[in-house]
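*Asks:* quick one, what's the 3D model for this:
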Amino acid sequence: MPANWYVLHSKPNKEELLWEQLNIRKVETFYPRIRVQTVNPRARKVKAYFPGYVFVHVDLKEIG
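*Replies:* Numbers count the residues shown, from 1 in each chain. The predicted structure follows:
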């Protein structure tokens, strides 16, 4: 069975932790983020483009 893309839903504000854990396990992921303007021009804030979601590219037979 070829690998397909799936969407994982995470707990609020935990998508970055999920993304890191998947990368440690060598799972191909897609976690888009965008830079957000803040009141302070020196402050840089990055937010998830799709809050609460991480995309994974896996073969379900391989991972069980």
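
*Asks:* off-centre distance for stretch 21-34?
*Replies:* 5 Å (CA atoms, centre = their mean, to the nearest Å).

*Asks:* do stretch 47-62 as well
*Replies:* Worked out by CA atoms, centre = their mean, stretch 47-62 lies 6 Å from the chain centre.

*Asks:* and what of stretch 12-24?
*Replies:* Using CA atoms, centre = their mean, the offset of stretch 12-24 from its chain centre is 6 Å.

*Asks:* for stretch 20-35, same thing?
*Replies:* 5 Å.

*Asks:* got it, and stretch 42-55?
*Replies:* The answer for stretch 42-55 is 9 Å, by CA atoms, centre = their mean.

*Asks:* contacts for that stretch?
*Replies:* The contact list for stretch 42-55 (CB atoms under 8 Å, 6 or more residues apart in numbering) reads 5-13, 15-16, 18-19, 22, 29-36, 38. Where you see a C-beta, it was placed from the backbone N, CA and C, and this is true even at glycine.

*Asks:* buried stuff in it?
*Replies:* 48, 53-54 (16 or more other CB atoms under 10 Å).

*Asks:* how much space between Leu17 and Thr38?
*Replies:* Leu17 sits 23 Å away from Thr38, going by CB to CB, to the nearest Å.

*Asks:* same for the longest helix belonging to the chain, what does it pack against?
*Replies:* Ranked by residue count under DSSP state H, the longest helix found in the chain is helix 15-24. Packing contacts for helix 15-24, counted by 3 or more CB pairs under 8 Å, 6 or more residues apart in numbering; DSSP states H and E, involve strand 28-30, strand 53-58.

*Asks:* of all those, which one is nearest Met1?
*Replies:* Ranking the helices and strands packed on helix 15-24 by proximity to Met1 (CB to CB) places strand 53-58 first, at 10.3 Å.

*Asks:* give the buried residues for the helix or strand following that closest one.
*Replies:* Going down the chain from strand 53-58, the next helix or strand is helix 60-63, by DSSP states H and E. For helix 60-63, the buried set under the neighbour-count rule, 16+ other CB under 10 Å, is empty.

*Asks:* can you flag the buried ones in the contacts of stretch 42-55?
*Replies:* Buried by 16+ other CB under 10 Å: 8, 10, 15, 18-19, 22, 29, 31, out of these.
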